[in-house]
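> Got a sequence here, can you model it:
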Amino acid sequence: MTDDVNQNQLMTDVTEQIRPPQFEIIKTEQFRPKFAGFWTRFWAYVIDLIMVSAVSGIFIKPLFRVFDIKITNPSFLLFSSYKVVILILFLTYFALMTKFFSQTIGKMIMGIKVIQKDGGKLSWGTILFREGIGRFISKLLTIPYLLVIFMPKKEALHDLFADTYVIHEQSYEKEIVETKRLQKSEELQAGTIV
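Numbering: from 1, shown residues only. You can find the predicted model right below:
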């Protein structure tokens, strides 16, 4: 009988010692930049198109007229030389403005800017990938711009290519983060490994 009692006591001691650790959940509030949605980005893009069209109308079209180069006659892969120059102007505008200011004039007016996902500075590689390849594909197909509506962090295709976000400069969202922390037991049992 004494052996049974000792074994029961021993089992109770062992079970208490190997009891799984208890965790407490700590909720903390953090503020993160608010991601720019479709309509904000759309109106910024429209403003940028107006800017590119203005530069084109003031500087490029007159040059084509002075040198008697036809604006509408396709010569290269069904594109006119004027369209090719405008495409280069378009991509250069977005690349240089994003590299040096993290935003174009349209984004400045709308209060949004481009940031790197890891928080670092935008590199030339990222800019060329985002504004060159990504924007060319998005401009060609138009549909990739609509990804902003469906993506949780409101990314377009060129944002996914380049690991970037477009955020509001002065707006933040509250985010609740849950973390688990090991509860400290009242007293340590003999033989407990810490």
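
> going forward, measure contacts and count neighbours with C-alpha atoms only.
Noted.

> Which positions within the host helix or strand of residue 177 qualify as buried?
Residue 177 belongs to strand 164-182 when assigned by DSSP states H and E. Using 16 or more other C-alpha atoms under 10 Å as the burial criterion, the residues of strand 164-182 that qualify are 164-169.

> same check, this time on stretch 40-58
41-42, 44-45, 47-48, 51-53, 56.

> mean confidence score for it?
For stretch 40-58, mean pLDDT rounds to 93.

> where's residue 97 relative to residue 168, distance?
17 Å (C-alpha to C-alpha, to the nearest Å).

> list the contacts for the residue lying closest to residue 166 once chain neighbours are set aside?
In space, and not counting its chain neighbours, residue 166 is closest to residue 114: 4.5 Å by C-alpha to C-alpha, 6 or more residues apart in numbering. By C-alpha atoms under 8 Å, 6 or more residues apart in numbering, the residues touching residue 114 are 98, 102-103, 164-167.

> mind checking which helix or strand residue 114 is in?
strand 112-116.

> and that strand, how far out from the chain's middle?
With C-alpha atoms, centre = their mean, to the nearest Å as the basis, strand 112-116 stands 8 Å off its chain's centre.

> likewise stretch 53-66?
For stretch 53-66 - counting by C-alpha atoms, centre = their mean - the centre lies 35 Å from the chain centre.
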